[in-house]
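In: just coords:
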Ligand SMILES: CC(=O)SCCNC(=O)CCNC(=O)[C@H](O)C(C)(C)COP(=O)(O)OP(=O)(O)OC[C@H]1O[C@@H](n2cnc3c(N)ncnc32)[C@H](O)[C@@H]1OP(=O)(O)O
Ligand SMILES: O=CC(=O)O
Ligand SMILES: [Mg+2]
């Protein structure tokens, strides 16, 4: 049913929506709060994004990332993060997922210690998705979240739910439906601002946060801006300073060289760092896009035991534990496979091996993508981590070695690996344009980060030229164009997620892959086409 467009105006914050149900999220007080956050943070956000571009220009000109000289004192002096709240002391298994009503209930009831409600990698940020997510989270915090499926199954949050941690969008993404003083707001501040405005006091009254995961940071100054935004919000909402807590995803290559600095910038509220391995691999590709000697092989070969990823995860553990913060592991891409026991056993064995590596290396917890994986990961962490965390594992054997962190990664590019990247990038982008931020493809969880790897690898392999498949056939644009046309046809004719947007996704992928420069984010041009 068509509903009239509503327009809310409050102290220069303007929002357009066709859904009357958003009125109790987009109250004039909430919009005024968003406007204050925007005015405080926007000039700095813009200059931080500019600093990213300047850094990348230096890498493109041949420089390699390294530890900072000007922040040596932070790395070398002794300090720790502020005490960590009781609710976050044991994070052995964290489930992540989009902010969809049924999935939130399932995640909260999954037996995981933490649920990361995701406005980021697993969300296609249509205004409807983001605002409905806010409604669902508000209902979850108020204890009223329920869902009745079309089959009549009734979903309700149980008595011992996971602790809620929210991941807003990264600093780079705009929210074009919200403007202040004629400027488009940052998606990050809209997600963060609406969540804290509606829930912070309720959570605080229950000694439960608000708690956040902060994605895609590249520098300590970006962490400092988050710290100040949270301090401003605490002040505005009457919360004690430092009551909002943050776990930072170390998922960009520049950030791995500033882990102490990032924790230091957030030290009154930092509780840990997380190995966001998929964006980290994407960032390795993007940061080193001009360096032919650092091409990556096909995605299946870039596993956590290759030298540059092993060095990253071990240095993260050492850094966190020296500072009294938790070192969270990351996401294995395997999900349960229905109707094929052998394939499912193999997938579960891969998840188990990944979690065993993490707990034995010293991680304090890990991520899973699906409720059926909670007991799998929990069993491993329970067996190898009897205490709530392993802050005592100091990993003093680990060396902060720049060359190890950017070590080239040997391997091959098979036709199947190339073809899989075309299929994943296409199908994910098409599903995203339909409003789905996470989809299973060939029994793997695919989200924005994994799709970024797929399309960045295609660009890298094609633009560095003279690469060959193992049978010596050239890896060239003719092969790419042919594979893209074949997958687009197949998707368009299917009933898979993304079928309706197959052609739009194909056009976007072709443009990005043929472009002279590797685009910063797939989701930026795609956002222009998202409803
Ligand atoms: C790189 C990163 O950033 S990783 C973090 C971001 N990525 C994620 O969070 C991944 C989240 N996972 C998902 O979205 C899903 O698991 C998918 C898309 C991969 C697979 O979803 P589906 O195909 O629906 O899985 P499946 O059919 O097996 O689901 C079975 C049940 O589990 C539920 N479920 C699946 N994944 C989740 C989850 N992450 N959280 C809560 N519930 C879930 C389904 O809703 C379904 O519930 P129901 O039985 O009550 O109907
Ligand atoms: O956000 C997590 C990642 O792996 O990327
Ligand atoms: Mg990520």
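Out: Happy to help now that I have it. This one's a predicted model, so the numbers in the text were calculated from it and none came from an experiment. Numbers count the residues shown, from 1 in each chain. Ligands and ions are numbered 1, 2, ... in the order given.

In: so what's residue 180 bridging to?
Out: The partner list for residue 180 in beta bridges (DSSP bridges) reads residue 13, residue 183.

In: neighbours of it, how many?
Out: In terms of burial, residue 180 registers 21 neighbours under the definition other Cβ atoms under 10 Å. C-beta coordinates here come from the backbone N, C-alpha and C atoms, glycine included.

In: quick check: it touching residue 38?
Out: Yes: proximity of residue 180 to residue 38 meets the contact threshold set by Cβ atoms under 8 Å, at 4.2 Å.

In: where does pLDDT dip in the chain?
Out: For the chain, the stretches with pLDDT under 70 are 1-13, 16-21.

In: which residues touch the most centrally placed residue in the chain?
Out: Most central in the chain under Cα atoms, centre = their mean is residue 121, positioned 4.4 Å from the mean C-alpha point. Taking Cβ atoms under 8 Å, 6 or more residues apart in numbering as the definition of contact, the neighbours of residue 121 are 167, 215, 278-279, 437-438, 447-449.

In: one more time with 10 Å
Out: Taking Cβ atoms under 10 Å, 6 or more residues apart in numbering as the criterion, residue 121 is in contact with 96, 98, 167, 169-170, 215-216, 249, 251, 276, 278-279, 331, 437-438, 447-452, 523.

In: and if you look at residue 374?
Out: Residue 374 makes contacts with 93-95, 107, 110-113, 162, 368, as judged by Cβ under 10 Å, 6+ apart.

In: check those for burial and list the buried ones.
Out: 93-95, 107, 110, 112-113, 162, 368 (16 or more other Cβ atoms under 10 Å).

In: show me which of those residues neighbour ligand 1.
Out: Within the set of those, contact with ligand 1 (Cβ under 6 Å from any ligand atom) is found for 95, 107.

In: filter the buried ones among the contacts of residue 374 down to just the ones in strands.
Out: Under the assignment DSSP state E, the buried ones among the contacts of residue 374 contribute 93-95, 368 to strands.

In: show me which of these is closest to residue 220.
Out: Each of these was scored against residue 220 by Cβ to Cβ, and residue 94 proved nearest at 24.5 Å.

In: correct me if wrong: the closest one contacts residue 165.
Out: Yes: taking Cβ atoms under 10 Å as the definition, residue 94 is a contact partner of residue 165 at 7.5 Å.

In: overlap in contacts of these two?
Out: With contacts taken as Cβ under 10 Å, 6+ apart, the residues that reach both residue 94 and residue 165 are 114-116, 213, 247.

In: need the max-distance pair from the residues you listed.
Out: Checking these against each other with Cβ to Cβ, the farthest-apart pair comes out as 115 and 247, at 13.1 Å.

In: tell me which residue in this structure sits closest to ligand 3.
Out: residue 279 (3.5 Å; Cβ to the ion).

In: excluding its backbone neighbours, what's nearest that residue?
Out: Using Cβ to Cβ, 6 or more residues apart in numbering and skipping the chain neighbours, the partner closest in space to residue 279 is residue 251 (3.6 Å).

In: so what's the residue count around that neighbour?
Out: Counted with other Cβ under 10 Å, residues neighbouring residue 251 total 27.

In: residue 88 now?
Out: Residue 88 has 22 neighbours, counted by other Cβ under 10 Å.

In: return the distance of the residue of the stretch 301-450 of the chain found nearest ligand 2 relative to ligand 1.
Out: With distances taken as Cβ to the nearest ligand atom, the stretch 301-450 of the chain approaches ligand 2 most closely at residue 449, which sits 3.5 Å away. Distance of residue 449 to ligand 1, given as Cβ to the nearest ligand atom, to the nearest Å: 4 Å.

In: from the contacts of residue 374, which single one is nearest residue 528?
Out: Compare each of the contacts of residue 374 with residue 528 using Cβ to Cβ and the shortest gap goes to residue 107, at 30.5 Å.

In: that closest one: what's it in contact with?
Out: Residues touching residue 107, when contacts are defined by Cβ under 10 Å, 6+ apart, comprise 94-100, 114-118, 140, 157, 161-162, 164, 368, 370-371, 374.

In: give me the buried subset of those residues.
Out: Among those, those scoring as buried are 94-100, 114-118, 140, 157, 161-162, 164, 368, 370-371, 374 (criterion: 16+ other Cβ under 10 Å).

In: out of these, which are inside helices?
Out: 140, 374 (DSSP state H).

In: which SS class is the nearest residue to residue 363 once chain neighbours are set aside?
Out: Take residue 363 and drop its neighbours on the chain: the residue closest to it by Cβ to Cβ, 6+ apart is residue 329, 4.1 Å away. When classified by DSSP: H, G, I helix; E, B strand; the rest coil, residue 329 comes out as strand.

In: ok, residue 329 touching residue 377?
Out: Yes: Residue 329 lies in contact with residue 377 (Cβ under 10 Å); the separation is 8.9 Å.

In: residues of this protein that sit close to ligand 1?
Out: By the criterion of Cβ under 6 Å from any ligand atom, the positions of the chain lying close to ligand 1 are 95-98, 102-103, 106-107, 118, 121-122, 278, 331, 335-336, 369-371, 438-440, 445, 447, 449.

In: and the residue nearest to residue 363, how many neighbours does it have?
Out: Neighbour count for residue 329, taken as other Cβ under 10 Å: 29.

In: and it, how close does it get to residue 382?
Out: Applying Cβ to Cβ, to the nearest Å, the value for residue 329 to residue 382 is 15 Å.

In: hmm, residue 475 is touching residue 412, no?
Out: No: under the contact definition of Cβ under 10 Å, residue 475 does not touch residue 412, with a separation of 11.0 Å.

In: joint contacts of these two?
Out: With Cβ under 10 Å, 6+ apart, residue 475 and residue 412 have common neighbours 468-469.

In: could you chop this protein up by domain?
Out: Residue ranges for the structural domains of the chain, counted by automatic domain parsing, are given in the record as 32-405, 415-527.

In: so which helix or strand takes in residue 509?
Out: In the assignment (DSSP states H and E), residue 509 maps to helix 502-514.

In: still on that earlier bit, host element of the residue nearest to the centre of the chain?
Out: Secondary structure from DSSP H and E places residue 121 outside every helix and strand.
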